[in-house]
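K.L.:
Got a predicted model here, sequence first, then my questions.
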Amino acid sequence: MMATGLQLALIAGGLVGLGVALLMWRLTPADPDLGDALQRLSPEHAKRRDLEGVHPAGDTRERLGVWGMKTLPAGAWGTVPTKELAILRIPVSRYYGEKIMFALLGLAIPPLLTTFFTLLGAPLPIFIPAVATLGLGAVMFFLPDYNVRDDAKKARAEFGRALGAYIDFVALERNAGAGPRQAMEVAAEVGDSWVFRRLGEELARTRWSGLTPWDALHGLALELGLPELDDLADIMRLSGEEGAQIYRSLRARSSGMRSAMLTSEKAKANEVGEKMSIPMSLLGVIFLAILVAPALLRVIGGST
């Protein structure tokens with residue numbers, strides 16, 4: 001009873017101290033991050049918000065993310081994968097909300113498991129759930145970063161495959177006599193994938209933004225981290241500003257992209273093949289052991 005009372009007193013004191021610390025931290029005026037504030041006021045940020053679209057106002061992740069952006073300091077989030085979020089068209093507020101939700105889930109799992117074991121009659125020492133709660137909360141907080149980067153990697157690969165087809169369409173339109181802008185816009189209307197729609201939106205925006213189509217694609221390439229799209233913008237700039245014949249350049253670029261993708265797929269296939277050869281080799285060793293074992297046992301038995 002004395003140990004239990006002491007533990008309860010320590011827990012109660014810790015909770016009171018944590019509450020006072022959180023209250024003081026909340027009431028203390030925080031210094032705003034100047035770089036983050038300027039980035040939110042920049043035209044690129046407004047453009048990104050327009051591209052991402054309007055998400056449901058009742059989304060829990062959105063509301064949690066907005067609350068976190070207003071309450072938590074900018075340095076608490078770590079490095080934000082801006083380009084990955086841009087290609088996935090995920091708002092920063094939603095990304096922040098997912099991090100908060102995952103962290104809360106990580107903080108809730110160890111206490112629930114501790115309560116479950118206590119009900120079964122196997123209570124755990126108090127430091128085990130405390131350490132597990134902090135550790136799992138920290139791991140779950142950074143889990144959305146891994147998910148975003150993995151999804152963005154797949155999206156970039158898909159974008160590269162679709163971009164090769166788009167370049168071929170642009171080359172055919174230019175060979176048929178269409179102008180640079182018309183060739184790019186008509187080619188974007190051919191496909192119905194998200195890549196073609198994204199390119200079509202960007203090109204349509206240039207009609208009122210004052211940018212040339214190749215400058216818009218250059219900005220999109222920098223925003224999404226796509227060097228292949230930047231190469232296309234450079235080729236179209238030669239055609240639009242200098243009137244160069246670019247049909248062969250476009251076909252060569254699309255052919256080079258397909259060769260690079262084929263080489264990458266072959267490398268992945270070889271890697272998978274090497275991984276599959278390991279269990280096959282182990283099966284061969286086991287099969288040989290099964291064949292040799294009876295004769296070896298007979299020899300050992302005869303010698304004894």
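P.N.:
Yes, it's here. Numbering: from 1, shown residues only.

K.L.:
Every contact and neighbour count from this point should use C-alpha atoms.
P.N.:
Fine.

K.L.:
Show me how far the longest helix along the chain is from its chain's centre.
P.N.:
The single longest helix within the chain, with elements called by DSSP state H, is helix 247-303. From the chain centre to the centre of helix 247-303 is a distance of 30 Å (C-alpha atoms, centre = their mean, to the nearest Å).

K.L.:
Equivalent analysis for stretch 164-180, please.
P.N.:
For stretch 164-180, the distance to the chain centre is 32 Å (C-alpha atoms, centre = their mean).

K.L.:
which parts of that stretch are buried?
P.N.:
The neighbour-count check on stretch 164-180 (16 or more other C-alpha atoms under 10 Å) flags 164-174, 179-180 as buried.

K.L.:
and what of stretch 62-73?
P.N.:
Buried residues in stretch 62-73, counted by 16+ other C-alpha under 10 Å: 62, 63, 64, 65, 66, 68, 69.

K.L.:
Closest to residue 155 out of the residues you listed?
P.N.:
Closest approach to residue 155 among the buried residues of stretch 62-73 (C-alpha to C-alpha): residue 62, at 22.6 Å.

K.L.:
That closest one: what's it in contact with?
P.N.:
When contacts are counted by C-alpha atoms under 8 Å, 6 or more residues apart in numbering, residue 62 touches 93, 94, 97.

K.L.:
what do you get for residue 124?
P.N.:
114, 117, 118.

K.L.:
Lowest pLDDT pick from the residues you listed?
P.N.:
Within the contacts of residue 124, pLDDT reaches its minimum at residue 117, with 79.

K.L.:
Pull the number of nearby residues for that residue.
P.N.:
Residues lying near residue 117 (other C-alpha atoms under 10 Å) number 13.

K.L.:
Would you agree it is in contact with residue 129?
P.N.:
No. With contact defined as C-alpha atoms under 8 Å, residue 117 and residue 129 do not form a contacting pair (11.2 Å).

K.L.:
circling back: so what secondary structure elements neighbour the longest helix of the chain?
P.N.:
Applying 3 or more C-alpha pairs under 8 Å, 6 or more residues apart in numbering; DSSP states H and E, we find helix 247-303 packed against helix 127-175, helix 227-242.

K.L.:
and the next element down the chain from whichever strand or helix holds residue 206?
P.N.:
Assessed by DSSP states H and E, residue 206 sits inside helix 194-209. Using DSSP H and E, the helix or strand that follows helix 194-209 in sequence is helix 213-224.

K.L.:
Could you name the helices and strands sitting against that following helix?
P.N.:
With 3+ C-alpha pairs under 8 Å, 6+ apart as the test, helix 213-224 has helix 82-88, helix 194-209, helix 227-242 packed against it.

K.L.:
Which residues does that helix contact?
P.N.:
83-84, 86-87, 181, 199, 202-203, 206, 227-230, 232-234, 236-237.

K.L.:
So what's the model's average confidence on that helix?
P.N.:
89.

K.L.:
With stretch 271-287 instead?
P.N.:
In the prediction, stretch 271-287 has an average pLDDT of 76.

K.L.:
ditto for stretch 238-257
P.N.:
Per-residue scores along stretch 238-257 average to 78.

K.L.:
So what's the residue count around residue 277?
P.N.:
Neighbour tally, residue 277, other C-alpha under 10 Å: 12.

K.L.:
still on that earlier bit, adding distance to residue 149 and pLDDT, write the buried residues of stretch 164-180 out as CSV.
P.N.:
Listed next are those as CSV, based on distance: C-alpha to C-alpha, whole Å; pLDDT from 0 to 100:
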residue, distance to residue 149, pLDDT
164, 23, 89
165, 25, 89
166, 25, 91
167, 26, 90
168, 29, 90
169, 30, 89
170, 30, 89
171, 32, 89
172, 35, 89
173, 35, 87
174, 36, 86
179, 37, 84
180, 34, 84
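
K.L.:
So which bits of stretch 110-129 are buried?
P.N.:
Within stretch 110-129, judged by 16+ other C-alpha under 10 Å, the buried ones are 110, 114, 129.
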